[in-house]
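Enquirer: Got a sequence here, can you model it:
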Amino acid sequence: MRARSLTIFVLALAMAGCTPQWARDAGDADVVLMMASVLGQKGGSDGAATTQLLSDVRTEGSVFNDNAQLTLRVFRKNPLLTGTFANTGLNDVLLERYTVRYYRADGRSVAGVDVPYDISGEMSGRITPDGELTTSIIVVRHQAKLEPPLRNLTGAGGQDIVTMFAEVTVYGRTIANRKVTASGRLEIVFADFGDA
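Expert: Predicted coordinates for the structure are as follows:
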């Protein structure tokens, strides 16, 4: 009896060792949601998404929102888990919503004064374990360009260029109702760039 208990303990210890620490710290879901990349796309353009977003606060007298392209991946915490249970779909992640928080490197981050107000939005999508999904969200809304501090950049109204960072957080849950989140960041340079 004692040998059997010792064998079970050693087996449980070995299985726990197969899961890396970052996966154990990621909550109680059996999978981890990871944001592999955040790319920005300037509003009103058909250009490719880039790692640094040049956001024009006014384009030919009009205001356009800016988008971000997110690449999300789902990893199993225990990659050794296979078989029928692993493929039931219970660990598929359903995306629900996102938030965007703005901040600056100089520490000045008062919403509505130094940076735009935080935003949130709904989203949808399904990612299977070991799968990937690329989706788009609005990272700078039209309204933000009509309010301080971005409005102050129009026509060089006090400032010329401001560099900020957007922290994008995506929230979802597995089919088994376990919460998962992932975050990524995007550098944004705001200005009233010249119209071509």
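
Enquirer: Point to the helix or strand of the chain where mean pLDDT is at its lowest.
Expert: helix 21-24 (a mean of 46; mean pLDDT, DSSP states H and E).

Enquirer: elements contacting the next helix or strand after that one?
Expert: With elements assigned by DSSP states H and E, the helix or strand that comes after helix 21-24 is strand 31-41. Contact here means 3 or more C-beta pairs under 8 Å, 6 or more residues apart in numbering; DSSP states H and E; on that basis strand 31-41 packs against strand 52-56, strand 66-76, strand 132-140, strand 161-174, strand 179-191. The way it works is simple: take the backbone N, C-alpha and C, and place the C-beta from them, glycine included.

Enquirer: Which residues does stretch 96-113 contact?
Expert: 114-124, 137, 139, 147-149, 162-173, 188 (C-beta atoms under 8 Å, 6 or more residues apart in numbering).

Enquirer: now do stretch 31-40
Expert: 22-23, 26, 49-53, 55, 66-77, 91, 93, 127, 129, 132, 139, 166, 168, 170, 172, 174, 180-186, 188.

Enquirer: wait, is Pro129 part of a strand?
Expert: No: counting by DSSP: H, G, I helix; E, B strand; the rest coil, one finds Pro129 to be coil, located in no strand.

Enquirer: which residues does it contact?
Expert: Val31, Val74, Phe75, Arg76, Ala86, Asn91, Asp92.

Enquirer: try Ile175
Expert: So, once contact is read as C-beta under 8 Å, 6+ apart, Ile175 ends up touching Gly89, Leu90, Asn91, Asp92, Leu94.

Enquirer: Just the ones of the residues you listed in strands?
Expert: Leu94 (DSSP state E).

Enquirer: Sort out for me which of the contacts of Ile175 are in helices.
Expert: The helices, defined by DSSP state H, take in nothing from these.

Enquirer: Show me which of the contacts of Ile175 are buried.
Expert: Asn91, Asp92 (16 or more other C-beta atoms under 10 Å).

Enquirer: okay if I get the contacts of Ile175 as JSON lines plus distance to Phe193?
Expert: Below are the contacts of Ile175 laid out as JSON lines (distance: C-beta to C-beta, whole Å):
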{"residue": "Gly89", "distance to Phe193": "47"}
{"residue": "Leu90", "distance to Phe193": "48"}
{"residue": "Asn91", "distance to Phe193": "45"}
{"residue": "Asp92", "distance to Phe193": "42"}
{"residue": "Leu94", "distance to Phe193": "38"}
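
Enquirer: ok, so of the contacts of Ile175, who is nearest Ser45?
Expert: Leu94 (31.2 Å; C-beta to C-beta).

Enquirer: so how far is Gly121 from that closest one?
Expert: 16 Å (C-beta to C-beta, to the nearest Å).

Enquirer: OK, contacts around Glu132?
Expert: Per C-beta under 8 Å, 6+ apart, neighbours of Glu132: Ala36, Thr71, Leu72, Arg73, Val74.

Enquirer: Name the residues linked to the fourth one by a beta bridge.
Expert: Just to be clear, that refers to Arg73. Arg73 forms beta bridges with Met34, Glu132, as assigned by DSSP bridges.
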